[in-house]
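In: Mind folding the following:
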Amino acid sequence: MSVTKHTNADVYSVKNRGEWATIVVREWSDRHEDGSEWPRGEILINSTFGSWSQYWGAPGVRFKKFLIGLNFDYVFGRFMGHSLEQFDGDASVAGIQRKVLEMRRRRMVGREEARFVWDEIDNRSYELSEGEESFITACGEIHRECEEPWRSAKLSKFDLAELATIFDEPWYEIQKRDDPQAVGFWRDLWPEFCGALRAELEPAKEAA
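Out: Coordinates of the predicted model:
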């Protein structure tokens with residue numbers, strides 16, 4: 001067992017728009033046998049938006065300078081991996097609604113048939129927006145409604161079959177969005193943090 005106390009860590013308290021974060025940055029370099037220095041670093045964040053941490057073993061430059069130049073997708077891709085992208089229920093519902101409207105505008109289907117499918121989407125809006133599995137299940141139910149034999153007496157079975165194609169492969173209709181907490185942190189707190197790093201590094205840049 002080994003416990004080492006490090007004193008080469010800087011703690012930043014960041015506040016903006018009623019949000020706050022405590023960010024710990026530790027940077028160091030390892031010397032290789034050929035005498036070259038390899039910078040390394042780690043960052044730990046606790047904030048009103050969430051908590052994240054990551055280690056970089058080869059940033060290529062001083063770690064704080066490295067952090068300033070990063071973009072959202074890279075940083076939170078490292079912080080959160082695949083969980084960064086989340087199901088966007090509202091956008092997914094809006095997407096299939098747009099397809100119904102487009103088919104009607106192009107006169108590919110009749111008004112009554114388009115209204116029927118639109119109402120089916122509206123009636124299942126909660127299930128469609130609840131989650132990916134629920135969205136796929138609800139799309140399957142709408143597809144089956146379009147195929148109900150008794151509807152052919154009232155509505156065009158050909159138009160309903162055309163509309164049903166929207167729901168053939170519902171997984172392709174799923175829309176994603178970046179985690180709102182990550183987006184909020186990047187918008188409200190990360191720029192303030194990077195501003196502090198720039199101000200800290202500027203004297204060293206001038207001296208060089």
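In: Now the helix or strand bottoming out on mean pLDDT in the chain: buried residues?
Out: Here the helix or strand of the chain ranked lowest by mean pLDDT, DSSP states H and E is helix 190-207, holding a mean of 85. The neighbour-count check on helix 190-207 (16 or more other Cβ atoms under 10 Å) flags 190, 192-194, 196-197 as buried. In this view, the C-beta of every residue, glycine as well, is placed from N, C-alpha and C.
In: Give the closest residue to Glu147 in space, chain neighbours not counted.
Out: Computed as Cβ to Cβ, 6 or more residues apart in numbering, the closest residue to Glu147 that is not its neighbour in sequence is Ala164, at 6.5 Å.
In: now the least confident helix or strand of the chain: how far from the chain's centre is it?
Out: 28 Å (Cα atoms, centre = their mean, to the nearest Å).
In: Summarise which helices and strands that helix is packed against.
Out: Helices and strands touching helix 190-207, by 3 or more Cβ pairs under 8 Å, 6 or more residues apart in numbering; DSSP states H and E, are strand 9-16, helix 63-68.
In: how far off helix 190-207 does the longest one point, in degrees?
Out: Taking axes from the mean of the first three to the mean of the last three Cα atoms, to 10 degrees, one finds strand 9-16 and helix 190-207 inclined to each other by 130 degrees.
In: Which strands border strand 9-16, and is each parallel or antiparallel?
Out: strand 19-31 (antiparallel) (DSSP bridges).
In: List the buried residues for the next helix or strand after the partner strand?
Out: Downstream of strand 19-31, the first helix or strand assigned by DSSP states H and E is strand 37-47. Using 16+ other Cβ under 10 Å as the test for burial, strand 37-47 gives 39-45, 47.
In: Break this structure into its domains for me.
Out: 9-85+179-207, 89-174 (automatic domain parsing).
In: chain center to the longest one: distance?
Out: Taking Cα atoms, centre = their mean, the mean C-alpha location of domain 9-85+179-207 is offset from the chain mean by 19 Å.
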